[in-house]
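1. quick one, what's the 3D model for this:
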Amino acid sequence: MRRSILRTALLLAAGLLAGCGNKGPLVLPPGQPGPTVAPAASAPAPATSASLPD
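-> Numbering: from 1, shown residues only. Next comes the predicted model:
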């Protein structure tokens, strides 16, 4: 009985310690910029008869 209580307490403590860590947004190390993605060129909207002046 005593061993199972001790084992349970140790497993609970290990689980709580495993949950500790860095919380919050990702912080990248300096000097290593992330990948850059070029924005896609947007095409002009097609003209419709509703948008043409009278």
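2. please report phi then psi for Ala9.
-> Recorded main-chain torsions at Ala9 are phi -60, psi -40, according to degrees, to the nearest 10.
3. Ala43 - how many residues pack around it?
-> 6 (other CB atoms under 10 Å). For the C-beta atoms, the positions are set from N, CA and C on the backbone; glycine is no exception.
4. that one and Val37, how far apart?
-> Distance check for Ala43 against Val37: by CB to CB, to the nearest Å, it reads 19 Å.
5. do the same with Thr8
-> Thr8 is 50 Å from Val37, by CB to CB.
6. kindly report the same for Pro29.
-> For Pro29, the distance to Val37 - CB to CB - is 21 Å.
7. re earlier: neighbour-wise, which of Thr8 and Val37 wins?
-> Thr8 (10 against 6).
8. which residues in the protein form helices?
-> Using DSSP state H, the helices of the chain run over 2-18.
9. which residues of it score low on pLDDT?
-> By pLDDT under 70, the low-scoring segments of the chain are 20, 22, 32-35, 39, 45, 47-54.
10. hmm, try it at 90
-> By pLDDT under 90, the weakly predicted segments of the chain are 1-2, 14-54.
11. contacting residues for Ile5?
-> For Ile5, no residue meets the contact criterion (CB atoms under 8 Å, 6 or more residues apart in numbering).
12. so how far is Ala14 from it?
-> Applying CB to CB, the value for Ile5 to Ala14 is 15 Å.
13. now swap in Arg2 and tell me
-> From Arg2 to Ala14 the distance is 19 Å (CB to CB).
14. and the two? Which one has more around it.
-> Under the neighbour definition other CB under 10 Å, Arg2 and Ala14 were set side by side, and Ala14 has more, 10 against 6.
15. quick one: residues in contact with stretch 6-14.
-> Outside stretch 6-14, no residue touches it (CB under 8 Å, 6+ apart).
16. mind listing what's buried along that stretch?
-> By 16 or more other CB atoms under 10 Å, stretch 6-14 has no buried positions at all.
17. please consider this matter closed, and thank you.
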